[in-house]
Structures are given as C-alpha cells and as structure tokens.
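# Next input, structure requested:
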Amino acid sequence: AVRKPLLLSGQRKFDIRLYVVIADRVPLSAWLHDGYVRFCDRTSSDDPLSRAAQIANVNVPSSERLHAVAEHYFEQAHLQRLLATAEGATALRPLGLTAARASELIRSRLARACAQLVRALARDLRPQALRGAWLLLGVDIVVDESLRPSIIETNANPELTMDSVRSDLNRQLARRLFDL
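You can find the predicted model right below:
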C-alpha cells in the first residue's frame, strides 16, 4: 500500500494505467503506451476506510459508488491540468516544483518503473516465449506525495473496453500494436 498517495481532484486518490508491450525477449524490446488516469469515487476525508475512497478501479464491485464509470476516467493530460490547479500547486509546494516540471518528473519515473518491471518479467520468460508474438500488459500505478510511483497491479490480460475516454485511447493502442 502507498502510505501517502498524492491526492487531487477534490482530495481524491487516483491511479494511472499504462500499457506495456513486450515484443521480444532477446534482444529485449518493449514499448510504453499512455493509458488513462482513474479517480476514486469518494474523497479520502469522506470515509478513509471506504472502498470507494481507496480503490480507483471501478471494476471492483462496490455498493458505495456515487458516479457512473465514465466519470472516473481521464486522459493522462488531465493529470497535468490538475497539477496546475490551486490544489495541485498546494500539493507540489513542499517539493518546490511547477506543474510542468512535476508532470515531466512523474512521466520519467513512470517510464523507469515500467522498464524495471519489463526487465524483471523478461528474466522469467523462456527465450522462445515471444517468438512471433507480443505480450500486452496493463500496469496500474499510484504516485505518492513525493511523486514516487508504486506499481500496484499488473494485468497480463488488460481490459480494452471501448467506452468514453478509454475508447479513443484503446483505438490508438490497437493501431500502434498493429504497426509493430
């Protein structure tokens, strides 16, 4: 668990979904693709122990849901816009960072975390495991108050639902995969 997650959008916890494609093990070839930002339904101050305040994944059943699924998902660019708000500036003040610099730092740290994940997974793959194929992973990450990412889940069969925000992102991902 992330002890002090970065809270935005009305003091709500969020996670970031990225997609990683591993196309070959020897030599190791992998690509990172933007996904989306997913916010918890409730603020952590409403009821800190509530599932709706702790879990951003709307696929996890909860009778506490306040909003429709589509209201939880945003393109990753939305995160930089939130960092530029007064709430974001307050969160970034102890770090002495602007929204643009914080966004760059988060992006580079996310890429580094995914690269470490890919290297760890590649050690466990048989050399012929990806011959003529590729592996698509959905990687869910929470960023803490110091902008350090923590991978909270990796899905070997990520949902590629074609709804609202995810629809456009998933079409881009599918096009990119076929270009590989």
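# which ones are touching His78?
Taking CB atoms under 8 Å, 6 or more residues apart in numbering, we find His78 in contact with Val37. Bear in mind the C-beta positions are built from the backbone N, C-alpha and C, glycine included.
# what is the mean pLDDT for stretch 82-90?
Stretch 82-90 shows a mean pLDDT of 94.
# Equivalent analysis for stretch 97-111, please.
For stretch 97-111, the mean pLDDT works out to 96.
# got a list of contacts for that stretch?
16, 18, 32, 79-80, 83-84, 88-89, 92, 95, 141, 143, 147-149.
# Show me which residues of it are buried.
Within stretch 97-111, the residues that count as buried by 16 or more other CB atoms under 10 Å are Leu97, Ala99, Ala102, Ser103, Leu105, Ile106, Arg107, Leu110.
# Same list, the residues you listed, but as TSV with distance to Leu173 and secondary structure please.
Listed next are those as TSV, based on distance: CB to CB, whole Å; DSSP: H, G, I helix; E, B strand; the rest coil:
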residue	distance to Leu173	secondary structure
Leu97	29	coil
Ala99	26	helix
Ala102	25	helix
Ser103	21	helix
Leu105	24	helix
Ile106	20	helix
Arg107	17	helix
Leu110	16	helix
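# hey, where'd the strands end up in the chain?
For the chain, the strands defined by DSSP state E cover 14-24, 29-39, 73-75, 135-143, 149-155.
# Select, out of those, the one closest to Ala115.
strand 29-39 (7.6 Å; CB to CB).
# May I have the predicted confidence score for Arg38?
So Arg38 comes in at 85 (pLDDT).
# and it, how far is that from Lys4?
Using CB to CB, to the nearest Å, we find Arg38 at a distance of 19 Å from Lys4.
# Looking at those two, which has the bigger crowd around it?
More crowded of Arg38 and Lys4, by other CB atoms under 10 Å: Arg38, with 22 against 9.
# Hmm, that one is touching Phe14, no?
Yes. When contacts are counted by CB atoms under 8 Å, Arg38 is listed as touching Phe14 (6.2 Å).
# which ones are touching Ala89?
Leu83, Ala99.
# Find the residue at the geometric middle of the protein.
Nearest residue to the geometric centre of the chain (CA atoms, centre = their mean): Ile16, 1.8 Å.
# Now do the same for that residue: its pLDDT.
93.
# For it, which non-adjacent residue is spatially closest?
Ile141 (4.8 Å; CB to CB, 6 or more residues apart in numbering).
# looking at it, Glu153 is touching Leu117, isn't it?
No. Counting by CB under 8 Å, Glu153 stays clear of Leu117, with 11.2 Å between them.
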